[in-house]
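Peer 1: the sequence and its predicted three-dimensional model are supplied below.
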Amino acid sequence: MNNFLPISKKDMQSRGWEQVDFVYITGDAYVDHPSFGAAIITRVLEAKGFKVAVLSQPDWHSTADFVKFGKPRLAFLITSGNIDSMVAHYTVAKKKRSQDAYTAGGVTGKRPDRAVCVYSKICKGLYADVPVIIGGLEASLRRFAHYDYWADEIKPSILIDSLADLLIFGMGENQIIEIARRLDEGESINDLHDIKGTSYCVDVRETPYIGVECPSFDNVKALKTEYAKASRIQQDEQDHIRGRAIKQKHGKLMVVQNPPMPPLTTDELDWVYSLPYARTYHPVYEKDGGVPGIQEVEFSITHNRGCFGACNFCSIAFHQGRYVTTRSKESIIEEAKKLTELPNFKGYIHDIGGPTANFRKPSCEFQKEHGLCKGKKCLAPQPCKNLEADHSEYLDILRTVRKLQGVKKVFIRSGIRYDYLLQDRDETFFRELVAHHVSGQLKVAPEHCSAAVLDKMGKPHIEAYIEFSKRYFKYTGEVNKEQYLVPYLMSSHPGSTLDDAIELAVFLKKRHIRPEQVQDFYPTPGTISTTMYYTGLDPYTMKEVYCAKNPHDKALQRALLQYYNPKNRALVEEALKRAKRFDLIGNGDKCLINAPANANSRNGNNKGRYNQKRSKGRKYEKR
């Protein structure tokens with residue numbers, strides 16, 4: 001097993017270190033696997049010759065943990081972990097979660113709310129002269145003034161709240177390499193204001209004469225139209241080719257975001273994934289049963305980054321970017337061979353994927369020189385005429401991996417963009433996906449069926465899913481397999497009215513789909529959909545958007561998607577009556593619920609007692 005980085009003073013001393021260059025503080029348990037950002041950044045620094053100690057889930061109620069490595073020579077590096085600390089702690093209903101997948105034993109309470117700010121302020125209080133650099137998803141998505149769903153208010157840039165010196169946004173390997181090199185050469189943290197993929201604060205009098213300025217913190221807090229305008233500017237400039245610096249005034253301070261760092265090249269990605277990861281959690285967690293978050297990714301391989309699908313509710317476009325970059329076939333094969341050598345490998349590679357599994361190159365040639373089109377999407381509402389859909393390289397990789405000695409099966413569990421797949425005139429990948437890479441059921445994300453809602457989501461219309469479904473079951477039948485489609489669905493997304501939710505319920509009944517779980521829209525920072533939720537405006541049209549915000553209104557929409565559940569009957573009946581859809585209450589084949597016992601109705605079909613017999617439902621779609 002590879003050596004983990006030091007997690008204690010004793011570990012430091014065993015390496016003969018008197019002082020570390022960086023203390024890396026994370027809100028997650030320490031997992032040294034390339035699916036975890038902490039592992040990548042710390043291994044990158046180690047490979048460049050720097051001494052790094054990992055401070056995992058420190059007790060923030062005192063300062064003891066924060067001083068155990070002593071004063072770092074160059075900086076503190078701070079992240080909340082793989083996901084936002086507030087999302088890790090709270091459901092969309094703002095209730096405390098019962099488990100934390102990124103903590104040993106799945107226990108909760110090992111990190112504070114808004115972990116980045118808490119950790120950063122403690123470090124600044126202890127070592128005022130040591131630079132504090134924040135990064136990861138929580139910091140990246142809060143780099144501007146943003147709507148905070150949990151507090152239900154506009155908060156300033158996390159740079160202001162955290163007192164940090166520098167913020168790394170996006171995937172931070174090249175940023176941290178340049179920062180570390182320049183700090184090591186003696187430059188001050190205040191001199192590092194020219195690094196792409198970073199944000200910083202200066203006195204407004206020192207505002208650089210570059211880029212574009214978006215509405216100020218005071219303005220976006222006072223006017224929702226200003227918030228929508230700021231959101232659009234921030235999204236539009238998130239492109240490493242054509243993106244400009246963005247400035248946002250916060251009182252007497254100016255938050256400056258430099259243009260995005262170009263994504264890693266294939267050679268750079270290959271190098272990052274070749275580093276000596278232990279590929280598991282630190283042994284100190286063994287007594288607690290390990291870290292649950294490793295289970296889904298332990299035998300998975302990341303082959304790409306970026307997503308030109310850019311759904312409005314997803315943070316990937318604002319974090320990783322829309323430009324797709326990939327690892328080489330050789331790098332992927334080498335990692336697959338490493339997996340076969342692990343002692344607990346059973347022959348199954350769970351995934352060769354990424355943000356979107358079947359993206360292997362940019363969507364068109366134009367963007368390679370000019371960047372992705374501003375204000376437009378490659379796949380929605382219809383695929384762009386310049387889209388180049390080709391799965392041949394991805395298919396070649398999958399074929400090679402599944403032939404490796406010791407590999408029994410290679411599955412694809414990352415999301416498949418079925419609308420992109422349908423654009424490929426060569427059906428070979430689709431057929432081999434069905435024949436070799438589905439573990440009983442394939443999860444896809446139509447999300448809704450209403451065209452109006454799908455437009456607000458930035459998703460293709462439902463006809464694409466229906467066509468994909470037909471072909472999926474056709475190919476499944478040809479190979480005599482019992483396989484299913486599990487559709488991800490979302491309720492209460494901005495733009496979804498009660499009528500739209502009813503339309504989705506009718507669609508599900510018609511296709512005999514009974515989802516076991518339904519995801520309510522979760523307004524997280526940094527997405528277009530969250531802007532719609534807060535402002536009630538589409539930032540790209542400035543037209544009003546209906547948003548279900550009242551908990552009961554959201555409950556009605558969620559219940560409709562599980563109309564068949566007896567526990568939801570009262571809510572479904574209320575929703576149908578509110579929408580005057582009495583035609584869906586009764587004993588007819590198209591009805592969502594039976595008529596109440598002894599109900600008086602003008603429609604004879606609605607008479608009689610509630611029918612307790614229900615056809616056997618499915619959580620999935622079956623041929």
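Peer 2: Arrived safely, thanks for sending. Numbering: from 1, shown residues only.

Peer 1: so residue 490 is in which element?
Peer 2: strand 484-491 (DSSP states H and E).

Peer 1: need the mean per-residue confidence for that strand.
Peer 2: Average pLDDT, strand 484-491: 94.

Peer 1: packing partners for it?
Peer 2: strand 441-447, helix 462-478, helix 498-510, strand 519-520, helix 551-561 (3 or more Cβ pairs under 8 Å, 6 or more residues apart in numbering; DSSP states H and E). To be clear about C-beta, it is placed using only N, CA and C from the backbone, and glycine gets the same treatment.

Peer 1: in the second one, what's buried?
Peer 2: Of the residues in helix 462-478, those with enough neighbours to count as buried (16 or more other Cβ atoms under 10 Å) are 462, 464-465, 468-469, 471-473, 475-476.

Peer 1: tilt between it and helix 498-510?
Peer 2: Here the directions of helix 462-478 and helix 498-510 differ by 10 degrees (axes from the mean of the first three to the mean of the last three Cα atoms, to 10 degrees).

Peer 1: now the angle from helix 462-478 to strand 441-447?
Peer 2: 170 degrees.

Peer 1: so where's this protein shaky on pLDDT?
Peer 2: 1-2, 597-620, 622-623 (pLDDT under 70).

Peer 1: now the buried residues of helix 462-478 as a markdown table including distance to residue 511?
Peer 2: Putting the buried residues of helix 462-478 into a markdown table (distance: Cβ to Cβ, whole Å) gives the following:
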| residue | distance to residue 511 |
| --- | --- |
| 462 | 10 |
| 464 | 15 |
| 465 | 10 |
| 468 | 13 |
| 469 | 8 |
| 471 | 15 |
| 472 | 13 |
| 473 | 11 |
| 475 | 18 |
| 476 | 16 |
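
Peer 1: tell me the one among the residues you listed nearest to residue 515.
Peer 2: residue 465 (13.9 Å; Cβ to Cβ).

Peer 1: which residue, other than its chain neighbours, is closest to that closest one?
Peer 2: In this structure, residue 465 finds its nearest non-sequential neighbour in residue 446, 4.0 Å apart by Cβ to Cβ, 6 or more residues apart in numbering.

Peer 1: what distance do you get for residue 424 to residue 390?
Peer 2: Distance of residue 424 to residue 390, computed by Cβ to Cβ, to the nearest Å: 6 Å.

Peer 1: what's the answer for residue 248, then?
Peer 2: 40 Å.

Peer 1: what about those two, which has more around it?
Peer 2: residue 248 (25 against 15; other Cβ atoms under 10 Å).

Peer 1: got a list of what the nearest residue to the more buried one once chain neighbours are set aside touches?
Peer 2: Excluding its sequence neighbours, the residue lying closest to residue 248 (Cβ to Cβ, 6+ apart) is residue 255, at 4.8 Å. Taking Cβ atoms under 8 Å, 6 or more residues apart in numbering, we find residue 255 in contact with 143-144, 157, 159-160, 199-201, 247-249.

Peer 1: can you tell me which of those is closest to residue 373?
Peer 2: Nearest member of those to residue 373, counting by Cβ to Cβ, is residue 144, at 22.4 Å.

Peer 1: who's in contact with that closest one?
Peer 2: Contacts of residue 144 (Cβ under 8 Å, 6+ apart): 157, 214, 230, 234, 246, 248, 255, 257.
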